[in-house]
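Engineer: Everything below, folded, please.
(one chain, ligands or ions: 3)
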Amino acid sequence: MTPKFPRRGLYLITPDSDDSDALVARVEDELPFAACLQYRNKRAHGERRESEARRLRALCEAAGVFFIVNDDVALAVRVGADGVHLGEDDGDIAAARAVLGPDVAIGASCYDDASLARTAVAAGADYVAFGALFPSSTKPAARRASPALFAEAASLGVPRVAIGGITPDNARQAVAAGADLLAVIGGVFDTPDPVAAARRIASAFDPTSPESP
Ligand SMILES: Cc1ncc(COP(=O)(O)OP(=O)(O)O)c(N)n1
Ligand SMILES: Cc1ncsc1CCOP(=O)(O)O
Ligand SMILES: [Mg+2]
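Structural biologist: Ligands and ions are numbered 1, 2, ... in the order given. A predicted model of the protein is given here:
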């Protein structure tokens, strides 16, 4: 049975890489702290992209982590992903739903715009993403989103993902604003201890967990 998109937690996104083995090894260690993994390697194309997606798909299956392919509905179908993430340049949500059927999750980038989120959900999106919430060194030109968007989108009834510049130090701020999942690249992978960073971001959802240094 296809798993349901998670309601809360760390939404890990792969960093860009030219080395498939290194990419897979880097991600594997943090998976125990992730509710979801998105394959987004903008430097991989063709067969290498498919092979990386297949390897990560298998790892996620074994770890019980929801697996999402960025940008590419056809690749998501080929590798049997649990979901696909689509931005404004990645095609139409209703068209993707027609290809994917009801069981594959579709996530939608809504940038800084609650009305995009309403339209995406009406077209069949299973979650909406707002960001960049904080300045992002991965995507410095990303438009900035107000934290108020998470409260505004609460009535949509789908998980709200925050993305952009999220780190162990600001993760609790994003959760307090109403984010249900925290999508992170640099705040995990560009740190000296990615496993510790992933653990701290995951713990931002646990109000009983003390903030670790
Ligand atoms: C969870 C999540 N949110 C937003 C994005 C950004 O999507 P998009 O605007 O299509 O940009 P690229 O990631 O394709 O550069 C995302 N990937 N994931
Ligand atoms: C893909 C994307 N969309 C908005 S910000 C961003 C990059 C997220 O990476 P980081 O967590 O390193 O800021
Ligand atoms: Mg995209």
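Engineer: okay, CA-based contacts and neighbour counts for the rest of this
Structural biologist: Will do.
Engineer: Give me every residue in the chain that's in contact range of ligand 3.
Structural biologist: Counting by Cα under 5 Å from the ion, the positions of the chain adjacent to ligand 3 are 71, 87.
Engineer: which residues of the protein fall in helices?
Structural biologist: 20-28, 46-63, 73-79, 93-100, 114-123, 148-152, 171-177, 186-189, 194-203 (DSSP state H).
Engineer: want to try JSON lines for those, with mean pLDDT as columns?
Structural biologist: Below are those laid out as JSON lines (pLDDT from 0 to 100):
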{"stretch": "helix 20-28", "mean pLDDT": "97"}
{"stretch": "helix 46-63", "mean pLDDT": "98"}
{"stretch": "helix 73-79", "mean pLDDT": "98"}
{"stretch": "helix 93-100", "mean pLDDT": "97"}
{"stretch": "helix 114-123", "mean pLDDT": "98"}
{"stretch": "helix 148-152", "mean pLDDT": "98"}
{"stretch": "helix 171-177", "mean pLDDT": "98"}
{"stretch": "helix 186-189", "mean pLDDT": "98"}
{"stretch": "helix 194-203", "mean pLDDT": "98"}
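Engineer: I'd like the ones you listed as a markdown table, with mean neighbour count and distance to residue 140 appended.
Structural biologist: Shown next, in a markdown table, are these (neighbours: other Cα atoms under 10 Å; distance: least, Cα to Cα, whole Å):
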| stretch | mean neighbour count | distance to residue 140 |
| --- | --- | --- |
| helix 20-28 | 15 | 22 |
| helix 46-63 | 17 | 24 |
| helix 73-79 | 18 | 26 |
| helix 93-100 | 16 | 26 |
| helix 114-123 | 18 | 22 |
| helix 148-152 | 17 | 20 |
| helix 171-177 | 19 | 19 |
| helix 186-189 | 23 | 12 |
| helix 194-203 | 22 | 21 |
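Engineer: quick one: is stretch 76-96 near ligand 2?
Structural biologist: No - using Cα under 6 Å from any ligand atom, stretch 76-96 stays clear of ligand 2, coming no nearer than 9.0 Å.
Engineer: Write out the residues of this protein neighbouring ligand 1.
Structural biologist: Residues of the chain lying close to ligand 1 (Cα under 6 Å from any ligand atom) are 70-71, 86-88, 109, 129, 163, 183.
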